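K.L.:
this is the structure alone, sequence omitted:
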Ligand code: ME8
């Protein structure tokens, strides 16, 4: 398999201090859709997710729960696996930073940095936020109403003084700027890229990369008083996942550098500045893209534990259905922007776009075949201009969706699909096949064939987004498992005249207020 045909996508690894929430579900969903799409498009895909289990934040949560950190992380990490199952995520691997393979990789990258003289021992005296697991300069902080200093994220900070190893980040500025320049799509969306470029242009300070005041982390090689800074440990998961430190490992060879690291906007700096800097300094290749998505609010309010408005993805699935939630999250907000979750917006998309537009299109087309043609796929006659227009519009969706997903524009891809769904509904209304049964049965057969063919194409393309419903639609047009990928998309004759189709059933239920 050539490298052009591989695709490596990662989610952030999630802190195990807390139960999974909508933010986690969102990030991994975006990756899942891309991974599914690329597999259908013939790529050899590796999709990695997992949990970030070290650091002071997790240690504190374990202490609060009254259990030792390892037992605590074992328990909470499982919640993220359960979420993956509930959301039907298709990750190929699930990494935990407490695994031996990861300790080995983290210690190896450390040694490489030491060998290259990129790390030196000194002392850190400054501000640290446990919630963000980040060091802050005095000038980045503000004061809250009680006069307490807070980080830009609003998190509390504490003064820390301890011996620490430092990474020579200050020497990476030119290399990073050159890298951003040569790879204009390394950071998307563009506005985020500009923020990062201006941050790096402002000059970089060396970064503290070890801690001595607690023990829950990967030990620094050859200095047991120190553990590695949790972000250096955590970021390394992306190469642990492909077999590092064995750079001859088949997965490393095939998949590294990663095609996309998907992250939330709050952790962009770690991924777009520190991570490529660590890799370049270690003599390893940086990833190809970091995409920073926006944040969700709940009915207009910032989501926070203290407000008690955290959205539980499992609850959402139970209330609205999995495909509905998957569709909503990627359709509602231009990917990259912040978005608001509201019941009314959710119901509108679910009932309007899934049930009325897409669901009805399939249901009315296939029921007419069922009722008027005894469920037999008809032999189409000559095509009119309207037939050709609709079929062509469906055909051009594949390149459109592909191009948009290559820049993570899920909302644009879905809008393009729905334009064709609406055109197909307008086509039925205009052709009125129910009238043709008596007037012109041959023409009715052609119209119903065009519709079934359009439904087949739409269902193939929407599999990554709404896998369950699209799968059922493909069952209803009798497309076998081997013909559901994109190489069969434009192939004529997959829908064989003479095939008997099963009785269609609606695949997108409406939400009815109880
Ligand atoms: O940051 N809306 O872990 P995490 C959308 N362990 N996304 C949200 C969100 C919201 N309201 N709240 C959080 C970490 N997120 C590190 C990553 S990677 C080497 C280490 C997103 O559990 C957030 O932006 O805090 C981040 O991408 C993820 O959910 C949570 O990460």
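P.N.:
Right, received. Where do you want to start? No experiment lies behind these values; they were computed from the predicted model shown. Numbering: from 1, shown residues only.
K.L.:
check contacts around the residue of the chain found nearest the ligand.
P.N.:
Among all residues of the chain, residue 264 sits closest to the ligand, at 1.6 Å; criterion: Cβ to the nearest ligand atom. The way it works is simple: take the backbone N, C-alpha and C, and place the C-beta from them, glycine included. The contact partners of residue 264, by Cβ atoms under 8 Å, 6 or more residues apart in numbering, come to 12, 23, 27, 292-295.
K.L.:
name the nearest of those residues relative to residue 397.
P.N.:
The closest of the contacts of residue 264 to residue 397 turns out to be residue 293 (Cβ to Cβ; 23.6 Å).
K.L.:
from the contacts of residue 264, which are also near the ligand?
P.N.:
When contact is defined as Cβ under 6 Å from any ligand atom, the contacts of residue 264 meet the ligand at 12, 23, 27, 295.
K.L.:
with distance to residue 99 added, can I get those in JSON lines?
P.N.:
Shown next, in JSON lines, are those (distance: Cβ to Cβ, whole Å):
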{"residue": "12", "distance to residue 99": "17"}
{"residue": "23", "distance to residue 99": "24"}
{"residue": "27", "distance to residue 99": "21"}
{"residue": "295", "distance to residue 99": "30"}
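K.L.:
out of those residues, who has the most neighbours?
P.N.:
Among these, residue 12 has the most neighbours (other Cβ atoms under 10 Å), with 26 neighbours.
K.L.:
not counting its neighbours along the chain, what's nearest it?
P.N.:
Nearest non-adjacent residue to residue 12, counting by Cβ to Cβ, 6 or more residues apart in numbering: residue 263, 5.2 Å away.
K.L.:
secondary structure class for the one you found?
P.N.:
strand (DSSP: H, G, I helix; E, B strand; the rest coil).
K.L.:
next, the contact list for it, please.
P.N.:
12, 27, 270-271, 290-293.
K.L.:
so how far is residue 316 from it?
P.N.:
Separation of residue 263 from residue 316 (Cβ to Cβ, to the nearest Å): 22 Å.
K.L.:
over to residue 461?
P.N.:
On the measure of Cβ to Cβ, residue 461 and residue 316 end up 24 Å apart.
K.L.:
how many neighbours does residue 139 have?
P.N.:
5.
K.L.:
now the one 4 residues further on
P.N.:
The criterion is other Cβ under 10 Å. On that basis, residue 143 has 9 neighbouring residues.
K.L.:
and the gap between residue 396 and residue 411?
P.N.:
Taking Cβ to Cβ, one finds residue 396 at 18 Å from residue 411.
K.L.:
and those two? Which one has more around it.
P.N.:
residue 411 (18 against 12).
K.L.:
quick check, the more buried one in a helix?
P.N.:
Yes - per three-state DSSP, residue 411 lies within a helix segment.
K.L.:
that one reaches residue 333, doesn't it?
P.N.:
Yes - contact criterion Cβ atoms under 8 Å: residue 411 and residue 333 qualify, at 6.8 Å.
K.L.:
output the set of residues of this protein in proximity to the ligand.
P.N.:
12-15, 23-24, 26-27, 52, 234-235, 237, 263-264, 266-267, 295-296, 303.
K.L.:
let's see that with 5 Å instead.
P.N.:
12-15, 23, 27, 52, 234-235, 264, 266-267, 295-296, 303 (Cβ under 5 Å from any ligand atom).
K.L.:
which residues in the stretch 1-150 of the chain form strands?
P.N.:
Counting by DSSP state E, counting those that start in this stretch, the stretch 1-150 of the chain has strands at residues 6-15, 44-52, 93-96, 119-129, 134-136, 142-143, 149-150.
K.L.:
coming back round to it: ok, what's across the strand from the residue nearest to residue 12?
P.N.:
Counting by DSSP bridges, residue 263 forms beta bridges with residue 292.
K.L.:
quick one: it from residue 185, how far?
P.N.:
15 Å.
K.L.:
care to break the protein down by domain?
P.N.:
3-294, 343-493 (automatic domain parsing).
K.L.:
now do the first one: distance from first to last residue.
P.N.:
When you say that, I think you mean domain 3-294. 30 Å (Cα to Cα, to the nearest Å).
K.L.:
which strand or helix spans residue 203?
P.N.:
Residue 203 belongs to no helix or strand when assigned by DSSP states H and E.
K.L.:
quick one, phi/psi of the nearest residue to residue 227 once chain neighbours are set aside?
P.N.:
With Cβ to Cβ, 6+ apart as the criterion, residue 227 has its nearest non-adjacent residue at 3.2 Å, and that residue is residue 217. Torsion angles at residue 217 (phi, psi; degrees, to the nearest 10) stand at phi -170, psi -170.
K.L.:
and residue 217, what is it in contact with?
P.N.:
Applying Cβ under 8 Å, 6+ apart, the residues near residue 217 are 54-55, 211, 227-230, 233.
K.L.:
restricted to helices, list those residues.
P.N.:
Among those, the members found in helices (DSSP state H) are 230, 233.
K.L.:
can you say which of the contacts of residue 217 are buried?
P.N.:
Buried by 16 or more other Cβ atoms under 10 Å: 54-55, 211, 227-230, 233, out of the contacts of residue 217.
K.L.:
closest to residue 178 out of the contacts of residue 217?
P.N.:
Nearest to residue 178 among the contacts of residue 217, with distances taken as Cβ to Cβ, is residue 229, at 25.6 Å.
K.L.:
once you drop chain neighbours, what's closest to the closest one?
P.N.:
residue 209 (4.5 Å).
K.L.:
residue 149 now?
P.N.:
residue 141 (4.6 Å).
K.L.:
next one: phi and psi at that neighbour?
P.N.:
phi -90, psi 160.
K.L.:
residue 135 reaches residue 125, doesn't it?
P.N.:
No - between residue 135 and residue 125 there is no contact under Cβ under 8 Å: 10.6 Å.
K.L.:
which one's more surrounded, those two?
P.N.:
More crowded of residue 135 and residue 125, by other Cβ under 10 Å: residue 135, with 21 against 11.
K.L.:
any idea what that one is bridged to?
P.N.:
Under the criterion used here (DSSP bridges), residue 135 is bridged to residue 128.
K.L.:
what of residue 302?
P.N.:
residue 297.
K.L.:
so what's the residue count around the nearest residue to residue 340 once chain neighbours are set aside?
P.N.:
Sequence neighbours aside, residue 297 is the residue nearest to residue 340 in space, at 4.9 Å (criterion: Cβ to Cβ, 6+ apart). By other Cβ under 10 Å, the residues close to residue 297 number 16.
K.L.:
OK, contacts around residue 297?
P.N.:
303, 338-341.
K.L.:
take the residues you listed and keep only those in strands.
P.N.:
339-341 (DSSP state E).
K.L.:
reformat these as a markdown table; add neighbour count and pLDDT.
P.N.:
Converted to a markdown table, those look like this (neighbours: other Cβ atoms under 10 Å; pLDDT from 0 to 100):
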| residue | neighbour count | pLDDT |
| --- | --- | --- |
| 339 | 19 | 96 |
| 340 | 14 | 96 |
| 341 | 21 | 96 |
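K.L.:
which of these lies closest to residue 457?
P.N.:
Distances from residue 457 to the ones in strands among the contacts of residue 297, taken by Cβ to Cβ, are shortest for residue 339, at 28.7 Å.
K.L.:
where does the closest residue to the closest one other than its chain neighbours sit: helix, strand or coil?
P.N.:
What sits nearest to residue 339 in space, not counting adjacent residues and going by Cβ to Cβ, 6+ apart, is residue 333, at 3.1 Å. At residue 333 the chain is in coil, as set by three-state DSSP.
K.L.:
residue 333: how many residues sit nearby?
P.N.:
Residue 333 has 21 nearby residues by other Cβ under 10 Å.
K.L.:
just to revisit the earlier point, mind pulling up the pLDDT for the residue nearest to residue 12?
P.N.:
Looking at residue 263, its pLDDT reads 98.
K.L.:
could you do residue 493 as well?
P.N.:
So residue 493 comes in at 85 (pLDDT).
K.L.:
show me the contact partners of stretch 181-194.
P.N.:
With contacts defined as Cβ under 8 Å, 6+ apart, stretch 181-194 is touched by 179-180, 196, 265, 268, 272, 276, 286, 288-292, 336, 407-408.
K.L.:
great, nothing more from me.
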